[in-house]
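> how does the following fold in three dimensions:
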Amino acid sequence: MRLTMLLFALGIAIAIPVWGSGRAPVIPSVESGRFERVIGSAQTAPVARTTLGSESAAPDTVTTRTFPEYVAELTELAVATANALEDGDRDRALELDKKSRDLVARLRATIEGWDEAALFAFAELLAEDVSMHGVTRRRVLTTLVELGLRERWSEVASQGRRARCDALVSTILELIPDDETAGRQLGIGMLTDQPFLGVAHEPAVLGLVDLSIAQPWLEDIATALLRTLWHNLNASGTRSSAELAGLALLFLDDANPVRHDAALHHLLVADGGRHARLVVERVVGARDVELAAALAMTAARELPVDHAIAVIEELVGVGDAYRFMGAFLTLGERDADVLRRAYEQKLGDLVAPDLRAELVTGAGFGATGALDLAQSAFESDPNGDVRARALLVLSAEAEPAAAERWLLRALDDPTFADRTSRLSTIVSGVRNLARQPDCANAVDRLRARLETHPWLSDTDRRALQGIVAAHVPNRGG
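Modelled structure (predicted):
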């Protein structure tokens, strides 16, 4: 799907980090190459529903628009921007992006309750509409809601006034159970790992926890919201660490999986990881890979880096190291040197090749871009899977000329390109390279080499043809 400039203009910088290193990065994949019962109190009343288009608005300097008209125009601008980007017309895309920004500024100035209107409009959309306009319209609306949350939160941060922010959050919580797709975008996308949840929302969050028994799709959403709530209550001083830890310890044996899992997340990082040993032993004993991977992400975000890597290494023992890639990427963003040291230790002992692969990936895609580790791993690691992961890092992160040299070197290495799975890795590497600017000739040279290779499968041949057709002019026909 084509990304819209509206997404870049409005969506990227709206998260308010409160978890140390912020949100986890997007997890790369081999295919893509680039590669997440507290004591109750008074409930804030949710925002009253409004009829779209009926808001009182001051006259626009250009023309008077209703809220739906603003959204329709923003959607058209976003789609047009996406088309300009796909056509390579960057100047046109930037021009359209400025129009989008200006139009959003006018909307915010002239439509009263614009963020509430966006929330209700989003809740009424059909998730089944996967057309370009349908998807873009949902993104426009969620971006407006996120902007509204940020604006209202600024009143909390600067003046300590929570009423308006609490009201919008309460309405979001009220809408979450209505639809799974929308609920996930609202709960996970807007409220999880953000500072917005507060003491006023305890009853609503606990209500979602109870409701998850009858609606199991709510489980991961309710778990994320409950642990976010606990984090915020502790950070604001509303609940002490001792209070929350005591409550979490009680919930460890709770029959409700949401309370149980939220307790594990909380205890893993509470008081600097004081209870981490208890959590790790329980999860490893249960052999629950999905829960272990989720806890690894929490450790990667919130524990001191040296402690986090030790916890994650133990959790990886549950199995399927690939599921833990997100945690290693998060650690790489925080401190790639920790991953380097762990990799060197494992290599020296010639143990845990699956773990070594994730360490190379996390370091290579980290903030400092430890490409020297990926180069060293490709050159000297005795395990072919580790070398394959290192090649993917190099093809995605190295300068284009260097990336091409590494891919050619892999093709010329009989100990690497000795079977079909390795050729698949090289094809994925070509895809990585093709995403970089001005690489059409390099991609075409690699195509010529790969097409004559006896180990190239029909599936990989078709994938290569698709890459060439998309990125090399006058080729692929």
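> please count neighbours and contacts with C-alpha atoms only from this point.
OK.
> okay, buried residues for the single longest helix found in the chain please.
Of all the elements of type helix in the chain, the one with the most residues (DSSP state H) is helix 132-159. Buried residues in helix 132-159, defined by neighbour count with 16 or more other Cα atoms under 10 Å: 134-150, 152-153, 156.
> so for that helix, mean pLDDT?
For helix 132-159, mean pLDDT rounds to 93.
> how far out from the middle of the chain is it?
17 Å (Cα atoms, centre = their mean, to the nearest Å).
> got the CA positions of the helix or strand that that helix is followed by in PDB?
Using DSSP states H and E, the next helix or strand after helix 132-159 towards the C-terminus is helix 163-175. Below are the C-alpha coordinates for helix 163-175, written out as PDB (Å, rounded to 0.1, in the frame of the first residue of the first chain):
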ATOM      1  CA  ALA A 163     -10.300  17.400  32.700                       C
ATOM      2  CA  ARG A 164     -10.300  17.900  28.900                       C
ATOM      3  CA  CYS A 165      -7.800  15.100  28.300                       C
ATOM      4  CA  ASP A 166      -9.500  12.700  30.700                       C
ATOM      5  CA  ALA A 167     -12.800  13.300  28.900                       C
ATOM      6  CA  LEU A 168     -11.500  12.400  25.500                       C
ATOM      7  CA  VAL A 169      -9.700   9.400  26.900                       C
ATOM      8  CA  SER A 170     -12.800   8.200  28.600                       C
ATOM      9  CA  THR A 171     -14.700   8.400  25.300                       C
ATOM     10  CA  ILE A 172     -12.000   6.400  23.600                       C
ATOM     11  CA  LEU A 173     -12.200   3.700  26.300                       C
ATOM     12  CA  GLU A 174     -16.000   3.700  25.900                       C
ATOM     13  CA  LEU A 175     -15.700   3.000  22.200                       C
END
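> for the helix or strand following helix 163-175, which outside residues touch it?
Counting by DSSP H and E, the next helix or strand C-terminal to helix 163-175 is helix 180-186. Where contact means Cα atoms under 8 Å, 6 or more residues apart in numbering, the residues beyond helix 180-186 that reach it are 122, 123, 127, 172, 173, 175, 176, 177, 217, 218, 221.
> and those residues, which two are the farthest apart?
The distance between the two most remote of the contacts of helix 180-186 (Cα to Cα) is 19.6 Å, for 122 and 217.
> between these two, point out the one with more neighbours.
Neighbour totals were compared for residue 122 and residue 217, and residue 122 leads with 20 against 17 (other Cα atoms under 10 Å).
> quick check: closest non-adjacent residue to residue 283.
Using Cα to Cα, 6 or more residues apart in numbering and skipping residues adjacent in sequence, the residue nearest residue 283 is residue 292, 6.3 Å away.
> surely that neighbour and residue 315 touch.
Yes - the pair residue 292 / residue 315 is scored as a contact, 5.7 Å apart, by Cα atoms under 8 Å.
> thinking again about what came up before, next structured bit after whichever strand or helix holds the residue nearest to residue 283?
Taking DSSP H and E as the criterion, residue 292 maps to helix 289-302. Using DSSP H and E, the helix or strand that follows helix 289-302 towards the C-terminus is helix 305-316.
> buried ones in that next one, by neighbour count?
305, 308, 309, 311, 312, 313, 314, 315, 316.
> next: stretch 377-392.
For stretch 377-392, the neighbour count (16+ other Cα under 10 Å) marks 377-378, 381, 383-392 as buried.
> show the contacting residues for residue 313.
Taking Cα under 8 Å, 6+ apart as the test, what residue 313 contacts is residue 355.
> next SSE downstream of the strand or helix carrying residue 71?
Residue 71 is located in helix 67-86, with elements delineated by DSSP H and E. Proceeding N to C from helix 67-86, the next assigned helix or strand is helix 90-110, under DSSP H and E.
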